[in-house]
Every structure is written in structure tokens, then in C-alpha cells.
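A.B. asks: can you look at this prediction? I've put the sequence above it.
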Amino acid sequence: MLLSFVDRRAALVLAVLGAAWLGGTGEAGAYTIYVSNEKDNTISVLDSDKLEVVATWKVGRRPRGITLSLDGKWLYVCASDDNRVDVVDTATGKVVRNLRSGPDPELFILHPKGNPLYIANEDDNMVTVVDVETNRLIAEVPVGVEPEGMGISPDGAILVNTSETTNMAHFIDTTSHEIFANVLVDARPRIAEFSPDGKRLWVSSEVGGTVSVIDPDSRTILKKIGFSIPGIAKEAIQPVGVRLTKDGKKAFVALGPANRVAVVNAETMEVEKYLLVGQRVWQLAFTPDEKLLISTNGVSNDVSIIDVEAEKVLKSVRVGGYPWGVVVGPK
Amino acid sequence: MVLLHSRQSLRVCRPFFPLLLSIIVAIAGASLPALAQTPQPAEIRIALITRQQPLPPLYEFDPVPEDEGIAGGRLAVRDNNTTGQFTGHRYALEEETLEEGQDAVAAARSLVARGVGFLAVNLPADEILAIADALKSENVVLFNVRATDDRLRGADCRSNVFHVVPNRAMLTDALAQFLAFKRWRRLFLVVGPQPGDKLYAEAVKRSARKFGLVVAAEKPWEFGPLARAKADSPTTAGALTFTQNLDYDIAVVADEAGDFGDYLAYRTWDPRLVVGTQGLTATTWHPTFEVWGAAQAQTRFRRTADRLMRPLDYQVWMAVRAIGEAVTQTKAADPGAVGQFIRSAEFGLPAYKGVSLSFRPWDQQLRQPLLLVQPRFLVSVAPEQGFLHQRTPLDTLGFDQPETACKLQ
């Protein structure tokens, strides 16, 4: 027993070292991980080699959605209670300007070309389209009640917004800025995520407890993925964050108060494994090399670092109060 | 129309033309999604029946707002209509406020005659029953948003009534679970003079038995509405010694009207907390409740109603949203079909409580987590951790299937 325990520890240490080594030899070196902390109005900055917080930056009130410019120079943060998007210079950690966002911006997505930014205004039943260079309001698209999830097809043609209380995925044409289709999903849809080839759309339903995999062409639901964890009440399984690997083979789904991240075979759409992480896990982000997956755990105030290949949790790192969103950029 | 006018009339119109154009664009823009889906939206007509409340006899620092409940209904109809523009449904809320002495049954009948298919009833138990029985053969579904009476979920249950407001047994079970969790087991029950107070006290005793608590002492309150009095009166002396020589962990007050419960805290002989209808209370909504997306509902409500959302607002909101949810899911606007779906296992209402809410098939009571609050803070959410149930932990609150006295017909 003792031996095997020591062995396991040694293996874990090796795995951590290995991951660090692999990360260290990657093209871009170590990556920088940014985590928005909803309750203390800060961004925690982590180094993907050291796997520790290297800086904490002050931003606007109630930071939630977070993303990076394509070159990694600018960090965009939804400052929900200040009704604006903060633009942070990643070299200095200072908020250098704000973008018009409409009221209560919660989550957003950048066009694959890096501009514009599509923002879900949770309090206002609106999706706001903003030019990140000129800060010009390009369009406002009326959507359902409490818009949140934002996904964009890899070619940038289709924007999908989910509305939490209307329980729909709204398909928006990014040229005309008009809704051209709506798909009803299970209760409280939180995240919309296109597969890298654009042929599947994954929508998580937090209260419904499912992930709907939708064919974006026919707008039909191909499968509703359910989850079941022994010893965990069905009500506690609340899917939120969804991420798919670039090869389209694996999906990771954060399950909220079930404190698990599900590993799903993206081809068969079957759940293969559950990884135990921190409490109330919401958002997920890969490192660009897809070796690591980071989860924000709101109640335990930490992030879990997951080894994608081994499907194992390597470490938890304490961050700020109520970590909400996460994005990874180059160092 | 304007564009077809003659050159002259166009010139006359010119100053207004940009305005007109923008109105046309706005109308077209607003109706575009609906037009793209279904040309003629189906109308779902919901009424909220309320009775004008008499003004309080004494000065009240936190008076009941005139639009209590109604404001929640207005918000829910707006929420429903935002969804409805994509599904081809239009919801309307009729606000029927009865004068003192006006017959509730006649008002309900006239609403139904005018095409209303859903009634949210903000009236006491007897009037709900009278309306339910009068409309028994009509194609109409009723929602009880106010009456906490256990009998409406028991011997007096009706198949055309859904209860969104929790009953007394649910409220006291929530408190009892919290007390059991804290191991504050010995209760001192203080019972007010009103009929509702006695029913609340009965519910407390039932919950105590259910969760292993002991009613160590019980006394009626005989000193009048001291919490409403502006100054101390001679009866205060008796009230001060009222809690002497008793052995208990916590005082449980049964005072639904709020006449004396607030007086009791800090005036007990021993340093003891007060729970029940005052002090720590079980409720459906509270201004400091913000998890599970509740913060969004709070700000949305505050912006439209210009005040904080109250439990009754939330209860009416839930009733109207339940209708919207069922219409969206079934694509049916017929009250009978909607009622049938709401009753079924497929129905689920997301209502900012972290879980999907549904109606118990045996008494049509909405199963829901309850908030345990003190006036300015959320203390806990019931069901408490560790109270398990084979179906859902929510069924640890209130009447479970084996104990129900309801025979739905």
C-alpha cells in the first residue's frame, strides 16, 4: 500500500515535470493564462510552466467574459457592472481603454479575423456588435431573454447566441446581423461552441443538464448528451463550459456543482470519463498547444489544470474570488 | 403609404419624413423575427386577479407596494414575449384588481368569457376554491400565487389549480431542516391569535416531528400587536417576563400578519434567536439572493418596476413563466393542453434556483428550493445538505406522495 502510494506520487511528480518540460519546449515557450475573478474585480495571470499566479491586475466591476486579440496584445474583459468592455494591455496589465458594450456585458466572442467583437448583453436581451479598433457600434441584434453563450463558425459567417431564459440557440447572419433561425434546447443554455471544422455546434444547458449537439446546416439536434455520476444528484449536474480539441476527437464539458469535467468522445458523442476538479466549475480553456486544459472553479476560488492527453488533473491553483472566465495566450 | 403620395403632399410631409421613416423601420425591425417565423402569432391571454388591500391602520415603514405581484407578472409577460417573437406567440396580461366586497367568482367568470385561458389568483384560499369550482367545466388553468394553506394541497386540492407559492408545511420543513442541521433541537413555540398563526404552529409541530426536533414549550401571545405599536405600553412588562423560566434552544414565532414577531427578538429572557414568521424566515425570494442568475432577474425587475422584487412578485413571475415555458415546449396555446404538459414529468421551469422546478403530480404543488433569510441577508437554501430523497431532495420539503391527502379530480 505504502509503496504504491509513493509510486503514484512519483508518477504524478513526473507527469507534472513532464508537462512542464513539454510546455517549456513548445514553440511559443510557456503560455500566459488569464482568469477573470467575478467577485474581486481582478484578473489573475498564471504562467503555464510554473502553474502559479504571477500577477493580479485590477479591472472594472464584475469581470466575467474574457478573450484575447489574435496577437495576444490586448485582453478584452466584460466589466458587467460597469456596462463596458475593458481593454487591458497584456504587456503592462493596465486597462488602457474601454469599448462600448451595451448594458451588462456577460460573454463575448471575437470574429475569427480578430474584429469585430460580438457581446451578449445579459440584462438587455441584445447582442451588441462592436468594432474593437474604432469602438464603433456596428449593430445591435435583439435576441431572447438573458443572452449569454456566444459561438462563431470558423469561417465567421454564423454567430450563435444562446439565451438563458428563452432556452434557444439563435443563429445570426454576421453580414446582415439578423437572426435567421432558432433552435430550442434544454433549460438555461450557457455556452455555444462550434467544432473546429464548423460541422457541429455544441450547446450546453445548465438547468436541463444536457449538451445538445446541433447540425448547423439543418439546425436539427443530432444528439442530446446526458451525464450521470454515481453519488451525485442529477440536479447537481449542470453543464456550462464546452471545449473541443482541434482534431475534433475530444470534448470537455464543465459540470458546475457536480465538480467534474466530463471527457466526451466527440465523434460518438459518448461520455468516457469524469475528472474531479474544484467546486462549481464553469469555464474551460486550452493552452494553444492543447496540452493543458484550465477550468475555473467558482466556489473553491481556484483553477484546475488538466493534462489533456492523459485526461488527468495535475494541479489546482488558487486565484481570486469567484473565478469566472479563462483564456490562454502566448507569453 | 407616404411614398405613394403626390409630390406636394410629400413636400408637406418632409419635416416629418425622417421621423416617419424611422418609425416604419422600427416597426418593421421589431416584427421581423416574428414575420420570418410565423406570420400570425397565437395569443395567450393571462389574467392576474388581485384584491385591493386596505391601507394599514398604523404607520408602516415598509408598506406593501400597490403593484406587488402585478409587477412580477408584467416582467414575466415581457420575458415570455421576448421568446414569443421567435416562436410566434404573443402573451397578454390582464390586471384585474377587485374592489372591497367585489365578487371574485363573477370577475373570474367575466375574464374567462372575454377569452382569458389562464388565471393567476392572488386571493385567499376560500376565494381560490370558489373560483376553481365555478370554472370546473371551463377550459381554463388556475395558478395559486398567494395562499399557503396546507388544505389546498390536501383535502381541498383541485385538479384545475397549480400552486406556485409554497405551502406552510414546505416553509416550516425548510426551517426545521436548518434547525436540525444546526442541532438546535428544543423549540419554544409562540403562537399568535389569528387562524393563520394556529395553522402555522400546526405546521411547525409537524415539521418538528418529521426532522427530530422537540417542542419544549408552547405559549399563546396575548400582548397584542406590540411590533406595530409606536411606543411601549403597560403590557410590555408581561411580554418581557413571557419568556422566563423556559428551557429551549430557539424561539419559533407564528405571526403571519407581522403583529408581534419582530418584538420578540432581543426581548427574550435568555439570549435566544427567533425564527419562524419573523427573524429567520423561509421564503421564495429575497433582495440579497443573487446566485444562479438571480442577479439578472433582480436588476431586470428593479429597472422595470423601480423597486426591489418581493416574494409575491416572484411567485406571479413563476406562474406566468410556467405558462410561457409550456407553450414554447408544446407549441400549443390551448389552456387544456398547456395544463396537461405542466402536470407531466417533461415539464421543467428554470427559475433562478439552480435546479429545474416541476409540479408534484399528486397535489400540483411546485417543488422548489426555499431561501432562509434574515431581513438583510440570505442565510441558507433548503433543502439542506444531507437531506436525501429517492426522487429528488426537493421532495423533502412539504407533502410527499405517501402522506398526501389530496385526491385530484
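C.D. replies: Cool, the structure landed. Numbering: from 1, shown residues only, chains lettered A, B, ... in the order given.
A.B. asks: list the contacts for the residue of the stretch 51-200 of chain B at minimum distance from chain A?
C.D. replies: Closest approach between the stretch 51-200 of chain B and chain A, counting by Cβ to the nearest Cβ: residue B:83, at 4.0 Å. For every residue, glycine as well, the C-beta is placed using N, CA and C. Residues near residue B:83 by Cβ atoms under 8 Å, 6 or more residues apart in numbering or on different chains: A:144, A:145, A:163, A:165, A:166, A:167, A:168, B:89, B:324, B:328.
A.B. asks: can you list the low-confidence ranges for the stretch 1-150 of chain B?
C.D. replies: Scanning the stretch 1-150 of chain B for pLDDT under 70 picks out B:1-39, B:56-59.
A.B. asks: please save the CA atoms from stretch A:142-152 in PDB.
C.D. replies: Coordinates of each C-alpha in stretch A:142-152 appear next as PDB, following Å, rounded to 0.1, in the frame of the first residue of the first chain:
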ATOM      1  CA  PRO A 142     -32.500  41.700 -30.400                       C
ATOM      2  CA  VAL A 143     -32.400  38.100 -29.000                       C
ATOM      3  CA  GLY A 144     -34.100  36.100 -26.300                       C
ATOM      4  CA  VAL A 145     -34.100  36.700 -22.500                       C
ATOM      5  CA  GLU A 146     -30.700  36.800 -20.800                       C
ATOM      6  CA  PRO A 147     -28.400  36.200 -23.700                       C
ATOM      7  CA  GLU A 148     -25.200  34.500 -22.700                       C
ATOM      8  CA  GLY A 149     -23.400  31.900 -24.800                       C
ATOM      9  CA  MET A 150     -21.600  33.100 -27.900                       C
ATOM     10  CA  GLY A 151     -20.200  30.900 -30.600                       C
ATOM     11  CA  ILE A 152     -19.000  31.700 -34.100                       C
END
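A.B. asks: count the neighbours of residue A:154 for me.
C.D. replies: Using other Cβ atoms under 10 Å in any protein chain shown, residue A:154 is surrounded by 13 other residues.
A.B. asks: enumerate the residues of the stretch 201-350 of chain B near chain A.
C.D. replies: Counting by Cβ under 8 Å from any Cβ of the partner chain, the stretch 201-350 of chain B comes close to chain A at B:293, B:296, B:299, B:300, B:303, B:321, B:325, B:328, B:329, B:348, B:349, B:350.
A.B. asks: in ChimeraX, how would I select just the buried ones from these?
C.D. replies: Listed next is the ChimeraX selection for buried residues among these, using 16 or more other Cβ atoms under 10 Å in any protein chain shown:
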select /B:293,296,299,300,321,325,328,329,348,349,350
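A.B. asks: among the residues of the stretch 201-350 of chain B next to chain A, which lie within helices?
C.D. replies: The helices, defined by DSSP state H, take in B:296, B:299, B:300, B:303, B:321, B:325, B:328, B:329 from these.
A.B. asks: state the pLDDT value of the last one.
C.D. replies: In other words, residue B:329. Residue B:329 carries a pLDDT score of 92 in this model.
A.B. asks: surely it meets residue B:342?
C.D. replies: No: judged on Cβ atoms under 8 Å, residue B:329 makes no contact with residue B:342 at a distance of 9.7 Å.
A.B. asks: before we move on, back to that, quick check, nearest of the residues of the stretch 201-350 of chain B next to chain A to chain A?
C.D. replies: Of these, the one sitting nearest to chain A (Cβ to the nearest Cβ) turns out to be residue B:350, at 4.3 Å.
A.B. asks: that closest one: what's it in contact with?
C.D. replies: Contacts here follow Cβ under 8 Å, 6+ apart; on that basis residue B:350 touches A:164, A:165, A:167, A:187, A:188, A:207, B:325, B:356, B:357.
A.B. asks: out of those, which end up buried?
C.D. replies: Buried members of the contacts of residue B:350, counted by 16+ other Cβ under 10 Å: A:164, A:165, A:167, A:187, A:188, A:207, B:325, B:356, B:357.
A.B. asks: for the stretch 51-200 of chain A, what lies in contact range of chain B?
C.D. replies: A:104, A:122-123, A:125, A:142, A:144-146, A:163-168, A:170, A:178-180, A:182, A:184, A:187-188.
A.B. asks: still on that earlier bit, what's the neighbour count on the closest residue to the residue of the stretch 51-200 of chain B closest to chain A other than its chain neighbours?
C.D. replies: Leaving aside its chain neighbours, residue B:83 sits nearest to residue A:166 (4.0 Å; criterion: Cβ to Cβ, 6 or more residues apart in numbering or on different chains). Counted with other Cβ under 10 Å, the neighbours of residue A:166 add up to 28.
A.B. asks: go on, residue B:67?
C.D. replies: For residue B:67, the neighbour count with other Cβ under 10 Å is 17.
A.B. asks: against residue B:97, how distant is it?
C.D. replies: As judged by Cβ to Cβ, to the nearest Å, residue B:67 and residue B:97 stand 10 Å apart.
A.B. asks: repeat that for residue B:152.
C.D. replies: With distances taken as Cβ to Cβ, residue B:152 is found 22 Å from residue B:97.
A.B. asks: you'd agree the residue nearest to residue B:83 is up against residue A:144?
C.D. replies: Yes: in terms of Cβ under 8 Å, residue A:166 counts as a neighbour of residue A:144; the distance is 2.7 Å.
A.B. asks: where do the contact lists of the two overlap?
C.D. replies: Taking Cβ under 8 Å, 6+ apart as the contact rule, residue A:166 and residue A:144 both touch B:82, B:83, B:86.
A.B. asks: how is chain B partitioned into domains?
C.D. replies: For chain B, automatic domain parsing gives the domain ranges B:40-166+B:285-368, B:169-283.
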